[in-house]
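Undergrad: Structure for this input, please:
(chains A and B)
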Amino acid sequence: MENLSDYRKAIQNIRIELGKQKETVNNIEDLAMKKIEREAGIWEYDFDELEAEIWRRFSTLEKNCDCISEENQFFDKRKPNSRFYKVKERYRAISEPFIRIKMEGDGRFNLDKQNSINKEYIPFNLAVILTLQKIKDRLNTLEEMTRNLIKDQEELLSKYFRDNLCIKEEKEGDTDE
Amino acid sequence: MNEINPAIVIKTVEGFLKIDDVSSEDLICRHLFTKIKEGFLSTTPVLQEIASLVSQKRGLQSAFNIFLRMEVALGLRKPEIGIYDNAFHFIGGAQKYGCTIASTLQQDFDVTLIANRDISIKQLQEWYDLDLSRCKLKVVKIPFFEARKEKNDIFDAGLVDLRENNPFHVISKESGNYDIFVNNCMLEMVYPLANISEFICHFPEREITRFFHVDEYSHIIYNSLYTAEWIKKRWKLNPHKHIYPPVDMESSSTKGKKENIILSVSRFELSGNKKQKEMIKAFMLLTNKYPDEMKKWKLVLAGGSTEKNVYLDSIRNLLTGIPENKIELKVNISSDELKNLYRKAKIFWHFCGIGQTDPACVEHFGMTTVEAMQNYCVPVIFKGGGQKEVVKDGESGFLFKDFKELYNKTLRLISRPEKMHSLSEGAYTQGKKFTKKDFSQKIKKHFKQLLEDYSFSA
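TA: This next block holds a predicted model:
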């Protein structure tokens, strides 16, 4: 049996020993004994990988087209003030409470609905990502072009400020005289 | 005294380890601490058996953390805090935030500042006018950045290849050596291994990636409501504690003799994000369009810069031929010189955020605006980000949303001395709400609460 101070010393010694052992472990996942990094997601892909993945997963998309074609768009193209739109909205408002009751009673209904939406949403969103990436490329090219123009513009501005001030100072000089 | 059976204590620890949750380590600590208080004095081999059990089931770090906590709980030593900032070697508002935390806590904790590049405590004390005499400094180099040919002063985490290994794990590993780890530079790629971890967020700059670990921290402290809003939007996390940055730039309690100076104080960033060029253009435009009103006015651009700075070079180029009595450039000036400028200037311009669509490029708080306000300098600043929390339009300064509004409001101030006077008083009163004293009180309170829970003294 040990006394209190021995006991405390033992705690400290064990901590120091564990610290030494810890220093020899380089892999952080070994140290914490668990997986730390997340799975790679689409944000980790570079553009080529992302594009390849989109074509691989969604073969129905028209290849090398910036946007999905008109007939694939699932959203309602009717104008919000049209009679059909208003009738549809009214129908939705009336039917919503019943849909909710049905959803509560039968979870599958909700899941089925989600699946049908997602099937259309995923390729649509990926195609949007693709389009944005292409726009970004175009912007980068434009940025390169504008950089030189800005430089020229600044030189002109600087000259303008200089000349303008010189003229004013000259005028003030004349008045003083 | 020793009526408690060690076998039962070990059995209980084994039981806790079956819980597949981090809280099991907390339970083990509490259990051991309670048993010690009840008079349980075991032999060293029993403690070693517990350490070995935890190591096998939860890893070395968990075992280490349990004994680290027991030391503090039993009063064997002061708790240790490691405050990390990858830009401690560079003067800046976020780094001042971290150093002020260190200065506030150095009495009650053993504080170590963790940097990535060489810097001294003396230099930090000079930069921020703080007492850091009890703090230690540890420089942990990151091989990924050291190996790069172009050694920038700022560590850009955006350069990290997300398909390779996380280069910031050298810091993650270092974090495990302290009772409390504070990530002061909002670097989401550092995984915290300490018992308590605090993530100071000045803005959530990047999206969630493979190396995102902010959700592993005990608390997220945020600097402004604007930042909090974006933490929720971008990271889908709820930040915990709101503490505005500390600002103490009051040169004297009385208003000094003011001169016709429009002042800007901002770092000359390579990206040009602080918009000093736009200020030159705006000032020259005003001068040319309203020569009588602007005749006696001068623009002073002050700020820090790295040695090689193409943006600063382009500013110098733009200023060629413009006399210093119209626009003056003050780069890397001393704290005294800066205070003197604040004392003399009547108007303070801050354009950061104008024409920006990226929320990260809008001012997250704006410490220099508050510094100006504490010196009766009327802010005319871009209406965006955290700046809206600092200035009340028409009461403590002016906010503008475009250049037209900037010109109108600046001219209104210049031509109406009574308005200048009332806004100057309003700015001073508002500026006093963001002092170091207030900041330190909030920090002390927060860490005291953490420590009470950590050492079972609550």
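Undergrad: going forward, measure contacts and count neighbours with C-alpha atoms only.
TA: Will do.
Undergrad: show me where pLDDT drops low in the stretch 101-250 of chain B?
TA: Across the stretch 101-250 of chain B, the ranges flagged by pLDDT under 70 are B:149-153.
Undergrad: Which residue is the nearest non-sequential neighbour of the residue of it found nearest chain A?
TA: Per CA to the nearest CA, B:R210 is where the stretch 101-250 of chain B lies closest to chain A, at 4.5 Å. The shortest distance from B:R210 to any non-neighbouring residue, by CA to CA, 6 or more residues apart in numbering or on different chains, is to A:R38 (4.5 Å).
Undergrad: any idea how far B:E371 is from B:E250?
TA: Per CA to CA, to the nearest Å, B:E371 is found 7 Å from B:E250.
Undergrad: And those two? Which one has more around it.
TA: The neighbour comparison of B:E371 against B:E250 (other CA atoms under 10 Å in any protein chain shown) goes to B:E371, with 26 against 22.
Undergrad: Which segments of chain A make up each domain?
TA: Following automatic domain parsing, one finds the domains of chain A at A:1-37, A:43-176.
Undergrad: Go through those and find the least confident stretch.
TA: With a mean of 67, domain A:43-176 has the lowest mean pLDDT of the domains of chain A.
Undergrad: Within the helices and strands, which one has the residue nearest in space to the middle of chain B?
TA: Nearest residue to the geometric centre of chain B (CA atoms, centre = their mean): B:A94, 2.9 Å. Element membership for B:A94, per DSSP states H and E: helix B:93-105.
Undergrad: Next one: the spatially closest residue to B:L105 that is not a sequence neighbour relative to B:E146, how far apart?
TA: Distances taken as CA to CA, 6+ apart place B:K444 nearest to B:L105, at 6.9 Å, with adjacent residues excluded. Counting by CA to CA, the separation of B:K444 from B:E146 is 36 Å.
Undergrad: can you give me the helices in chain A?
TA: Remark: helices assigned in chain A by DSSP state H are A:4-24, A:28-32, A:47-57, A:83-105, A:107-176.
Undergrad: Those helices: which one's closest to B:I50?
TA: B:I50 lies closest to helix A:4-24 among those, at 10.3 Å (CA to CA).
Undergrad: Can you list the neighbours in contact with that closest one?
TA: The contact list for helix A:4-24 (CA atoms under 8 Å, 6 or more residues apart in numbering or on different chains) reads A:31, B:41-44, B:47-48, B:51, B:60-61, B:63-64, B:67-68, B:70-71, B:74, B:76, B:177.
Undergrad: And the pLDDT for the residue nearest to the centre of chain B?
TA: Looking at B:A94, its pLDDT reads 89.
Undergrad: looking at it, it is touching B:N183, isn't it?
TA: No - assessed by CA atoms under 8 Å, B:A94 is found out of contact with B:N183, at 11.1 Å.
Undergrad: Now do the strands in the stretch 101-250 of chain B.
TA: In the stretch 101-250 of chain B, the strands defined using DSSP state E, counting those that start in this stretch lie at B:110-115, B:136-139, B:180-183, B:196-201, B:219-222, B:241-242.
Undergrad: May I see those strands organised as TSV, with mean neighbour count and distance to chain A added?
TA: Compiled in TSV, the strands of the stretch 101-250 of chain B are given as follows (neighbours: other CA atoms under 10 Å in any protein chain shown; distance: least, CA to the nearest CA, whole Å):
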stretch	mean neighbour count	distance to chain A
strand B:110-115	22	17
strand B:136-139	16	16
strand B:180-183	28	16
strand B:196-201	24	15
strand B:219-222	22	19
strand B:241-242	16	26
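Undergrad: and of those strands, who's closest to B:S24?
TA: Short answer: strand B:196-201, nearest of those by CA to CA, at 14.9 Å.
Undergrad: List, one by one, the residues from the stretch 151-300 of chain B near chain A.
TA: B:162-163, B:169, B:172-173, B:177, B:191, B:193, B:209-212, B:284, B:288 (CA under 8 Å from any CA of the partner chain).
Undergrad: from these, which is closest to A:S82?
TA: B:T209 (44.1 Å).
Undergrad: And the closest one, how far from B:E188?
TA: From B:T209 across to B:E188, the span is 9 Å (CA to CA).
Undergrad: Over to B:L159?
TA: Distance of B:L159 to B:E188, given as CA to CA: 14 Å.
Undergrad: Settle it for me: which of these two has more neighbours?
TA: Between B:L159 and B:E188, counted using other CA under 10 Å, the more crowded position is B:E188 (25 against 9).
Undergrad: number of nearby residues for B:A228?
TA: By other CA under 10 Å, the residues close to B:A228 number 25.
Undergrad: Let me see the contact set for it.
TA: B:Y222, B:N238, B:P239.
Undergrad: which residues does the first one bridge with?
TA: In this structure, B:Y222 has beta-bridge partners B:C201, B:H242, where bridges are defined by DSSP bridges.
Undergrad: OK, contacts around it?
TA: By CA under 8 Å, 6+ apart, the residues touching B:Y222 are B:I200, B:C201, B:H202, B:F203, B:A228, B:P239, B:H240, B:K241, B:H242, B:I243, B:Y244.
Undergrad: Show me which positions of stretch B:423-442 end up buried.
TA: For stretch B:423-442, burial by neighbour count (16 or more other CA atoms under 10 Å in any protein chain shown) applies to B:423-428, B:430-436, B:438-440, B:442.
Undergrad: host element of the residue nearest to B:L105?
TA: Element membership of B:K444 [criterion: DSSP H and E] is helix B:436-454.
Undergrad: what's the angle from that helix to strand B:196-201?
TA: 150 degrees (axes from the mean of the first three to the mean of the last three CA atoms, to 10 degrees).
Undergrad: how far away is B:D156 from B:F168?
TA: 12 Å.
Undergrad: out of these two, which sits in the more crowded spot?
TA: The neighbour comparison of B:D156 against B:F168 (other CA under 10 Å) goes to B:F168, with 21 against 11.
Undergrad: Next one: the more buried one from A:N140, what distance?
TA: Noted for B:F168: a distance of 30 Å to A:N140, by CA to CA.
Undergrad: Just the residues contacting the helix holding B:A94, thanks.
TA: So helix B:93-105 is contacted by B:83, B:85, B:87-88, B:111, B:113, B:124, B:128, B:130-132, B:135, B:184-185, B:202, B:245-246, B:367, B:436, B:440, B:443-444 (CA under 8 Å, 6+ apart).
Undergrad: The residue of the stretch 301-450 of chain B found nearest chain A - nearest residue in space that isn't next to it in sequence?
TA: Closest to chain A within the stretch 301-450 of chain B is B:L318: 5.1 Å, counting by CA to the nearest CA. Spatial nearest neighbour of B:L318, excluding adjacent residues (CA to CA, 6+ apart): A:S158 at 5.1 Å.
Undergrad: Same check on B:L329?
TA: Excluding the flanking residues, the one nearest B:L329 by CA to CA, 6+ apart is B:L301, at 5.0 Å.
Undergrad: and that neighbour, what element?
TA: Applying DSSP H and E, one finds B:L301 within strand B:298-303.
Undergrad: Return the alpha-carbon coordinates of that strand using CSV.
TA: In CSV, the C-alpha atoms belonging to strand B:298-303 read as follows (Å, rounded to 0.1, in the frame of the first residue of the first chain):
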residue,chain,number,x,y,z
LYS,B,298,-5.6,64.6,-47.0
LEU,B,299,-6.0,60.8,-47.2
VAL,B,300,-3.6,58.6,-45.1
LEU,B,301,-3.4,54.9,-45.9
ALA,B,302,-1.8,53.0,-43.0
GLY,B,303,-1.3,49.3,-42.7
